[in-house]
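Need a 3D model of the sequence below.
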Amino acid sequence: MMYQIVILAGGLGSRLGKLTKKNPKALIKINKKPFIYYQLKYLSKQGFKNVLICVGYLGDRIKKYVGNGKKFNLNIDYSVENKKLLGTAGCIRKASPILEDNFFIIYGDTFLPINFKNIQKFFKKKNSNAMITIFKNKNNLDKSNVSLIGKKILYKKNSKLKKMNYIEYGVSIFSKKLILQKKYKNYSDLSDLFHILSKKSKLDYFIIKKRFYEIGSVIGLKQTKKFLSSQKYRL
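Residues are numbered from 1 along each chain as shown. Next up is the predicted model:
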């Protein structure tokens, strides 16, 4: 059975200007359907059942469209981030009462055309508590933030290191017991948590060969529309 999957959908979408002035990114239309429609249909196709959506900015609109998830063959819960911004790690901690023992995390503005089952199998095989996925990027899709040194990983956002050839792909798996440990409670953003865990050699990784698609930027939105309009991914 697939783990619970958490979707972080509380972002402001400021880079998209007028497109997100009255709508959250998750509800941007692609072929007359909200972006989150494609995310949820694909997750259902991948075998997921339990989904937790962390909402913030205009979150009521997401809840109104998605509902309890029945139309996607999913069970969907929500955790609401109020006026105070908690950060990507902070909002997950807030949702701890409804988190399962192990869970995936993805972002509400990315479409990931991958096999999630393979990632979960690897996580179990490694007996891991924290694992990210990475893609060999070479500053192509965005600025690279991951370096592989032998079999060890170093994650550092906005790094100037020349050996940063990989990028965090956008899906990770955590154990609830790790994310709630007191020594990590002051890390409000996942990027900071990834960094400290990688420095302590407590962050496992799984290499992805296919690129990701995102709608957080104008260029990314254009590329994602083209991809989701292709015959292969009409869901």
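
show me where the chain has strands.
Ranges of strands within the chain are 4-9, 29-30, 33-34, 50-55, 75-80, 102-107, 110-111, 130-136, 146-149, 152-155, 166-175, 204-208, 213-214, based on DSSP state E.

Need these in CSV (columns: mean neighbour count).
Yep, even glycine has a C-beta here, placed from its N, CA and C like the rest. Shown next, in CSV, are the strands of the chain (neighbours: other Cβ atoms under 10 Å):
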stretch, mean neighbour count
strand 4-9, 25
strand 29-30, 15
strand 33-34, 16
strand 50-55, 23
strand 75-80, 18
strand 102-107, 22
strand 110-111, 20
strand 130-136, 21
strand 146-149, 18
strand 152-155, 20
strand 166-175, 23
strand 204-208, 20
strand 213-214, 21
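
just so I know, which of those strands lies nearest Ala95?
Closest to Ala95 of the strands of the chain is strand 75-80 (Cβ to Cβ; 3.5 Å).

coming back round to it: identify whichever of the strands of the chain lies nearest to Lys41.
Once the strands of the chain are compared by Cβ to Cβ, strand 33-34 is nearest, at 9.1 Å.

Now the closest one: average pLDDT?
Mean pLDDT, strand 33-34: 93.

Return the helix or strand in this structure with minimum mean pLDDT.
strand 146-149 (a mean of 85; mean pLDDT, DSSP states H and E).

name the helices or strands packed onto that one?
Contacts defined by 3 or more Cβ pairs under 8 Å, 6 or more residues apart in numbering; DSSP states H and E place strand 146-149 against strand 130-136, strand 152-155, strand 166-175.

Those strands: lowest mean pLDDT?
Ranked on mean pLDDT, the bottom entry among the helices and strands packed on strand 146-149 is strand 152-155, at a mean of 88.

Mind giving me the packing neighbours of that one?
The contact analysis (3+ Cβ pairs under 8 Å, 6+ apart) places strand 152-155 against strand 130-136, strand 146-149, helix 190-199.

try 7 Å this time
strand 146-149, helix 190-199 (3 or more Cβ pairs under 7 Å, 6 or more residues apart in numbering; DSSP states H and E).

Could I get the CA-only coordinates of that strand as PDB?
Written as PDB, here are the backbone C-alpha positions of strand 152-155 (Å, rounded to 0.1, in the frame of the first residue of the first chain):
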ATOM      1  CA  LYS A 152      27.200  11.100   0.000                       C
ATOM      2  CA  ILE A 153      24.800  13.900  -0.800                       C
ATOM      3  CA  LEU A 154      25.100  17.600   0.000                       C
ATOM      4  CA  TYR A 155      22.100  19.800  -0.300                       C
END
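
How about residues contacting the least confident helix or strand of the chain?
For strand 146-149, contacts defined as Cβ atoms under 7 Å, 6 or more residues apart in numbering pick out Ile134, Ile153, Leu154, Tyr155, Leu161, Lys163, Met164, Asn165, Tyr166, Ile167, Glu168.

nearest to Thr88, of the strands of the chain?
Using Cβ to Cβ, the nearest of the strands of the chain to Thr88 is strand 4-9, at 5.6 Å.
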